[in-house]
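Visitor: only geometry, no sequence info:
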């Protein structure tokens with residue numbers, strides 16, 4: 001192609017943002033994320049307690065009949081929150097799995113989570 005013909009499109013020398021330079025918006029988003037992380041870490045324990053409370057729902061024993069007590073939910077457990085808490089502890093699955101597992105560690109973890117929830121419930 002002769003030098004007198006102009007090119008259409010394609011890369012041009014010196015065009016675009018320099019490598020490694022971030023947009024101002026990206027820098028501001030990172031700063032905001034860091035502030036949010038700091039604030040969440042300051043209130044971490046109360047946040048976790050609220051999440052556990054929401055996951056468990058609210059229930060109480062009610063008398064039914066003469067001597068029979070039943071456990072009735074006034075606010076049902078939130079399965080989505082329970083899944084979030086579980087993913088904090090266990091992590092999200094990298095791939096789906098069908099079948100059975102013979103993993104004592106997983107059973108131990110499940111028992112530990114149940115014990116924590118029962119401990120929190122008895123408070």
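Guide: All right, it came through fine. From a predicted model like this one, the values you see are computed outputs, not experimental measurements.
Visitor: show me where the chain has strands.
Guide: Ranges of strands within the chain are 58-64, 68-75, based on DSSP state E.
Visitor: could I get those strands as CSV with distance to residue 25, mean pLDDT and mean neighbour count?
Guide: Glycine gets a C-beta too; all of them are placed from N, C-alpha and C. Below are the strands of the chain laid out as CSV (distance: least, Cβ to Cβ, whole Å; pLDDT from 0 to 100; neighbours: other Cβ atoms under 10 Å):
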stretch, distance to residue 25, mean pLDDT, mean neighbour count
strand 58-64, 42, 81, 11
strand 68-75, 40, 81, 10
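Visitor: tell me which strands and helices the least confident helix or strand in the chain by mean pLDDT is in contact with?
Guide: Among the helical and strand segments of the chain, the one scoring lowest on mean pLDDT, DSSP states H and E is helix 104-121, with a mean of 74. Judged by 3 or more Cβ pairs under 8 Å, 6 or more residues apart in numbering; DSSP states H and E, the packing partners of helix 104-121 are helix 44-56, helix 79-90.
Visitor: quick one: mean pLDDT over the longest one.
Guide: It stands for helix 44-56. Averaged over helix 44-56, pLDDT sits at 89.
Visitor: contact partners of it?
Guide: Helix 44-56 is contacted by residues 40, 77, 78, 81, 82, 84, 85, 116, 117, 120, 121 when judged by Cβ atoms under 8 Å, 6 or more residues apart in numbering.
Visitor: quick check: buried residues in that helix?
Guide: Under the neighbour-count criterion of 16 or more other Cβ atoms under 10 Å, helix 44-56 has 51, 52, 53, 54, 55, 56 buried.
Visitor: out of those residues, who's nearest residue 15?
Guide: For those, the minimum distance to residue 15 (Cβ to Cβ) is 48.8 Å, reached by residue 51.
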